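Visitor: Okay, sequence plus prediction incoming.
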Amino acid sequence: MNDKIAQEYIALIPNLFSSFSELNKGSITLTHTQNHVIEFLFTQQRAVNIKDISNGLNITKQQLTTIVSELEAQGYLVKKPDSKDKRAVLVSLTSKGKEIQNKKWSEIYQRFLKNLTKISEEEKRDLAFALHKVNVLLKKMESEE
C-alpha cells in the first residue's frame with residue numbers, strides 16, 4: 001500500500017505543477033527568480049533577513065542581493081537595517097509588491113474557476129473532497145515527524 005501511495009503522490013506533483021504553470025501564465029511580469037523572492041516575502045507577511053530568504057529559497061546571498069536591488073529599484077520591496085543585528089538587512093514588500101501578488105493570485109483564482117466549468121457538478125464534489133482530504137492528510141503526516 002505504501003508503494004502505491006508514494007507512486008500516486010509522485011504522479012501528483014507534475015500534474016499540479018503543470019496545472020499551476022498554466023494558471024500562472026502571464027499573470028506576472030517579473031523574472032522567475034524575482035517572482036520567487038516576492039512570493040516568499042508575501043507568504044512571510046513580515047520583514048525578512050536576507051540570509052533567511054537565501055536559505056528559504058536556496059539562492060546564494062550574492063545572487064539574492066542583485067535580485068533584491070532590482071526589485072527595490074522597481075518599487076516592489078524595501079530594505080532596512082536589522083535593529084537586532086547591525087550587519088543584517090531586513091527586506092519587506094511595499095504596497096506595490098503586495099499589490100502585484102494579490103493581483104497575480106486573483107488572476108490564478110479566476111482562471112481556476114473558469115477551468116472548473118469543464119467538469120460536472122459530481123466531479124466538482126469529488127475534486128473538492130479529494131483536495132480537502134489530501135491537504136488534511138499531508139498536514140497530518142508533516143506534523144507527526
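Guide: Alright, I've got the coordinates.
Visitor: from here on, contacts and neighbour counts on C-alpha atoms
Guide: Will do.
Visitor: Could you give me the buried positions within the lowest-mean-pLDDT helix or strand in the chain?
Guide: Each helix and strand of the chain was given a mean pLDDT (mean pLDDT, DSSP states H and E); the minimum falls on helix 2-24 at a mean of 89. Neighbour counts over helix 2-24 (16 or more other Cα atoms under 10 Å) mark 23-24 as buried.
Visitor: for stretch 96-110, same thing?
Guide: In stretch 96-110, the ones that count as buried by 16+ other Cα under 10 Å are 97-98, 100-101, 104-105, 107-108.
Visitor: wait, what's in contact with the residue nearest the centre of the chain?
Guide: Nearest residue to the geometric centre of the chain (Cα atoms, centre = their mean): Glu39, 5.0 Å. Going by Cα atoms under 8 Å, 6 or more residues apart in numbering, Glu39 touches Gln101.
Visitor: Figure out the helix or strand that it lives in.
Guide: Taking DSSP states H and E as the definition, one finds Glu39 inside helix 32-44.
Visitor: So the residue nearest to the centre of the chain versus Leu57, what's the distance?
Guide: 10 Å (Cα to Cα, to the nearest Å).
Visitor: three-state assignment of Gly26?
Guide: coil (DSSP: H, G, I helix; E, B strand; the rest coil).
Visitor: picking that back up, and the buried residues of stretch 96-110, which of them are in strands?
Guide: Judged by DSSP state E, the subset of the buried residues of stretch 96-110 located in strands is empty.
Visitor: May I see those residues arranged in JSON lines, with distance to Ile5 as well?
Guide: Below are the buried residues of stretch 96-110 laid out as JSON lines (distance: Cα to Cα, whole Å):
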{"residue": "Gly97", "distance to Ile5": "39"}
{"residue": "Lys98", "distance to Ile5": "37"}
{"residue": "Ile100", "distance to Ile5": "37"}
{"residue": "Gln101", "distance to Ile5": "34"}
{"residue": "Lys104", "distance to Ile5": "33"}
{"residue": "Trp105", "distance to Ile5": "30"}
{"residue": "Glu107", "distance to Ile5": "32"}
{"residue": "Ile108", "distance to Ile5": "29"}
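Visitor: Nearest to Val68 among those residues?
Guide: Here the nearest of these to Val68, counting by Cα to Cα, is Gly97; it sits at 12.0 Å.
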